[in-house]
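# What follows is a predicted structure for the sequence shown.
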Amino acid sequence: MTKRRTAHRPSCAPILAVWMLTVAAIAPGTLADTAAQPDTAQPDTAQAVPTISVDEIERGMTGYGMTVFAGHEPERFEVEVVGVMRNTSPDTSFILGRLAGHNLENSGVPGGMSGSPVYLDGRLAGAVAFAWPFSQEAIAGITPIAKMRELAESGEAAGGPGSALGGYAPQSQARDRGQRAPVPLADLVAGKIPEDLLERELARLMPAPTLGAVPGVQWAASGFSAGARDVLSRGLGPVAPLGRAAAGSGAAADGAAAPGLAPGGAVAAVLVDGDLRLAATGTVTDVIGDKVFAFGHPFLGLGPLQVPMADAEVVTVLASDYSSFKISNMGSIVGAFEQDRSPGIYGRLGVEAEMIPVTVDVDGRRTYEMRVARVPQLTPALFSVATLAGIDAATYSGGRQGLDIRARFHLGDHPPLEVRQSFDGDGAASSSAGFLLSFAGYLMGNDLEEVDLERLEVSITQVDRPRTATLVSAHAERSVVRPGDTVNLNLTFSPWRGEDFRHRVAIDLPEDLARGSYYLFVGDGGSVDAARLAVERTEPVTFAQALEMMRSLHSRRELVVLGVAAGPGLAVAGEAMPNLPGSVRSIWSDSPGDATPLRLAVSQEHVESLDVPLSGLVRIDLEVERRQPVRGEAMDTRGDEPAAGDAPGAEGAEPAATASATSDGDA
């Protein structure tokens, strides 16, 4: 069934990473075995415990640390001070310690141990934070506790969770930290979305190296398919299994005090919760009242943020020649992390971090419900990888197939934005994920307005083979026309592994067409959108204009005919103003930078929804003759044919089909 509407208008390379600490080993017997040591009582978390400063620490001092090796209860391991690296950067020093006990001599230090508190002379010295790849000893960098406690002061200086920061930073602060739309609006409209966009966006969140060591985040996930986990691993580093703590296992109920959030206890920074879960797990360093300090190194390095904090339990430590790691279960949300800086992460118990509800429906077979942390620099990538995981879990994401995606963004004060697109071929699933990321990334990273993205609904329809039909030829039944005429276009399509078929389109020309050349651009919605952008050359200056442009985009399931005529005009303040009198154009031309000259104008747009996606763009040239001259009309407007840069696909009077920049290789 065909629906019609016609409108006349005046449109990674792998990163060498360590999971908190690199795999290392020390000679057995260097330090006293933990089993011979008495259990260490947990400090009172109602007030700050005594600390030891870096200036008091000397080589050879011995002490202990606390971390969870199984369950919820922290256990003791041994620490010997190797030395202090002073002023590695302004006001920054690190303690170097050799660790032992609980088979660390054989397994190396497991991922998830980062943040484990270290005590020297009975006082808190700092947090285990990083180590060097391929080292032969378990020598760890320890972040001094004084620098970590400054994180609480940073939160107060920034305004705290109740300030204007709210769930995420204002655009001005976000831009200062490198936030930006991953795909510019012009490229988004033209369908120029990089194939590796998702991996690139995940990779830019890796923390910066410290003293030549890469402080890795112990990522853990559940519900993600093998393909989606592979994408996560290529962008974020190794991803460990993540379970959910059973009721009554010791995990806290939502909003209650967390028994595991004592120094040395396991903790998780939660990015995705629900049917899919993704978190960074580590260890609590210090607790003072409702204040929690953890990790000893950056999580994402984003400064102020709001990410849910959950308690966790450790199932076991899995020894590995590559890198040992803790297998964990995530407990309940107990607070929120509010600061993410070089010395570690800081948060408070009882504080709620707002998350964005996301629904992914795949073919009506399975619906995934989840909540995603509101982190503008990361949330779009999380939307994308969650959608990819949903496709893979419900059906499959690899191999030749066809996918239709519909995404509905709920935008607070603005009406919802709904976008649709179709993809075919081996990369259909990853292309749909990149499509979703590009729109979400623009909404959350645009420079025009801070957007309240309240909810996202994604619907996926999948078929087991490509469907795209390529437009191979198009011609009009006659080339000389008059204003108001109906012109029949005869189109030929070549489907994937099928017989060519023809389709006829009737176009009603505008009544006010001037005498001269008139051009019809015929093709799939994405290709014609790119042609329209080349003709109108408008850059939105308000978010409302950007939304209008995104709402006007077409899918590849739509056959679009765009009518373009010579019409000198201007693009001013994000609006196309075609067919302007010369006197008006000269006024604007006197203000450099305020207006962009336009040689062509979009006169009409005709849209038909077809049963299969399309690919290709063809230009049809017509000559308009009037029954009688119109006052003020030039006697001859020939010669204003669009140049190559004015509209893609313009090849002359005898057009040939031009493959769309967004068409799929299997079409």
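It's in.
# give me every residue that touches the closest residue in space to Pro50 that isn't next to it in sequence.
In space, and not counting its chain neighbours, Pro50 is closest to Arg123: 4.6 Å by C-beta to C-beta, 6 or more residues apart in numbering. (C-beta placed from N, C-alpha, C; glycine too.) Arg123 is in contact with Val49, Pro50, Thr51, Ile52, counting by C-beta atoms under 8 Å, 6 or more residues apart in numbering.
# Mind picking the lowest-pLDDT entry from the residues you listed?
On pLDDT alone, Val49 ranks lowest of the contacts of Arg123, at 90.
# Am I right that Ser285 is in contact with Gly344?
Just to correct that, residue 285 is Thr rather than Ser. Yes. Taking contacts as C-beta atoms under 8 Å, Thr285 lies within contact range of Gly344: 6.7 Å.
# The two - which one has more neighbours?
Thr285 (34 against 31; other C-beta atoms under 10 Å).
# what touches both of Thr285 and Gly344?
Overlap of the contact sets of Thr285 and Gly344 (by C-beta under 8 Å, 6+ apart) consists of Gly115, Ala127, Met148, Phe293, Ala294, Phe295, Gly296.
# Show me which of those is closest to Gly141.
Gly296 (8.4 Å; C-beta to C-beta).
# Can you get me a residue count around that closest one?
When neighbours are counted by other C-beta under 10 Å, Gly296 registers 34.
# ditto for Val535
Quick note: Val535 (other C-beta under 10 Å) scores 24 neighbours.
# And for the one 3 residues further on?
One way to gauge burial is a neighbour count; for Thr538, by other C-beta under 10 Å, it gives 21.
# and what of Asp508?
By other C-beta under 10 Å, the residues close to Asp508 number 13.
# so it makes contact with Gly484?
Yes. Between Asp508 and Gly484 there is a contact at 7.4 Å, judged by C-beta under 8 Å.
# how about low-confidence regions in the stretch 101-250 of the chain?
Residues of the stretch 101-250 of the chain meeting the criterion pLDDT under 70: 134-136, 155-179, 207-216, 247-250.
# Could you find the closest non-adjacent residue to Leu96?
Val82 (4.2 Å).
# pretty sure that neighbour contacts Ile139?
Yes. Look at Val82 against Ile139 with C-beta under 8 Å: they come within range, at 5.8 Å.
# Could you grab the helix/strand/coil label for the spatially most central residue of the chain?
The centroid of the chain falls nearest to Ala381 when counting by C-alpha atoms, centre = their mean (2.2 Å). At Ala381, secondary structure determined by DSSP: H, G, I helix; E, B strand; the rest coil is helix.
# Can you check what pLDDT the model gives it?
Ala381 is given a pLDDT of 93.
# tell me the domain ranges of this protein?
12-353, 357-463, 468-624 (automatic domain parsing).
# Select from those domains the stretch with the lowest mean pLDDT.
Of all the domains of the chain, the minimum mean pLDDT falls on domain 12-353 (a mean of 78).
# thinking again about what came up before, most neighbours among the contacts of Arg123, which one is it?
Going by other C-beta under 10 Å, Ile52 tops the contacts of Arg123 with 22 neighbours.
# phi, psi of that residue?
Dihedral pair for Ile52: phi -120, psi 130, per degrees, to the nearest 10.
# Just the helices from this structure, written as ranges.
Taking DSSP state H, the helices of the chain run over residues 104-107, 145-157, 171-176, 185-190, 197-203, 226-236, 379-394, 428-445, 525-536, 543-551, 582-589.
# Next, the buried residues of the first one.
When neighbours are counted by 16 or more other C-beta atoms under 10 Å, the buried residues of helix 104-107 are found to be Leu104, Glu105, Ser107.
# Would you check that the first one makes contact with Glu137?
Okay, so that is Leu104. No. Look at Leu104 against Glu137 with C-beta under 8 Å: they stay out of range, at 10.9 Å.
# And stretch 362-377, end to end?
26 Å (C-alpha to C-alpha, to the nearest Å).
# and what of stretch 61-73?
26 Å.
# So what's the gap between that stretch and the chain middle?
Counting by C-alpha atoms, centre = their mean, to the nearest Å, stretch 61-73 is centred 36 Å from the centre of its parent chain.
# Can you name the residues that contact Ala565?
Leu513, Ala514, Gly516, Ser517, Tyr518, Tyr519, Leu600, Ala601, Ser603, Val624.
# From Glu605, how far off is it?
Applying C-beta to C-beta, to the nearest Å, the value for Ala565 to Glu605 is 13 Å.
# now swap in Asp392 and tell me
In terms of C-beta to C-beta, Asp392 sits 37 Å off from Glu605.
# hey, where'd the strands end up in the stretch 251-400 of the chain?
Applying DSSP state E, counting those that start in this stretch to the stretch 251-400 of the chain gives strands spanning 266-274, 277-288, 291-294, 303-318, 325-341, 344-349, 355-362, 366-373.
# pretty sure Asp290 is touching Val334, no?
No. Taking contacts as C-beta under 8 Å, Asp290 lies outside contact range of Val334: 10.0 Å.
# The two: which is more packed in?
Using other C-beta under 10 Å as the criterion, Asp290 and Val334 rank with Val334 on top: 28 against 14.
# hang on, the more buried one packs against Met309?
Yes. Judged on C-beta under 8 Å, Val334 makes contact with Met309 at a distance of 5.9 Å.
# Identify the contacts common to the two.
Leu349.
# Spell out which residues are contacts of both of Asp290 and Val334.
Common neighbours of Asp290 and Val334 (C-beta under 8 Å, 6+ apart) are Leu349, Gly350.
# Could you count how many residues lie near Ser397?
Ser397: 26 neighbours (other C-beta under 10 Å).
# so what's it up against?
Ser225, Gly227, Ala228, Leu388, Ile391, Ala429, Ser430.
# quick one on the thing from earlier: any shared contact partners between Val82 and Ile139?
Counting by C-beta under 8 Å, 6+ apart, the residues touching both Val82 and Ile139 are Leu96, Gly97, Arg98.
# Who are the contact partners of the first one?
Contact partners of Leu96, counting by C-beta under 8 Å, 6+ apart, are Val81, Val82, Gly83, Val84, Met85, Ile139, Ala140, Gly141, Ile142.
# Check whether the first one really touches Thr62, as I assumed.
Read it as Val81. Yes. Counting by C-beta under 8 Å, Val81 does reach Thr62; the two are 7.3 Å apart.
# Which neighbours do these two have in common?
Leu120.
# Give me the more crowded residue out of those two.
Between Val81 and Thr62, Val81 has the larger neighbour count (other C-beta under 10 Å), namely 20 against 14.
# so what's that one closest to, chain neighbours aside?
Met61 (4.3 Å).
# Who are the contact partners of the one you found?
Each residue near Met61 by C-beta under 8 Å, 6+ apart is listed here: Glu80, Val81, Leu120, Asp121.
# switch the cut-off to 7 Å
For Met61, the contacting residues are Val81, Leu120, Asp121, by C-beta atoms under 7 Å, 6 or more residues apart in numbering.
# So what does it look like in phi/psi?
Torsion angles, degrees, to the nearest 10, at Met61: phi -60, psi 150.
# distance of it from Val118?
11 Å.
# do Ala100 as well
Taken as C-beta to C-beta, the span from Ala100 to Val118 is 13 Å.
# Any idea what Asp404 is bridged to?
Ser422, Thr461 (DSSP bridges).
# Likewise for Leu491?
Ala474, His503.
# tell me the contacts of it?
Leu471, Ala474, Arg502, His503, Val505, Val522.
# rerun at 10 Å
Neighbouring residues of Leu491 by C-beta atoms under 10 Å, 6 or more residues apart in numbering: 469, 471-475, 501-505, 522-523, 559, 561, 614, 616, 618, 620, 657.
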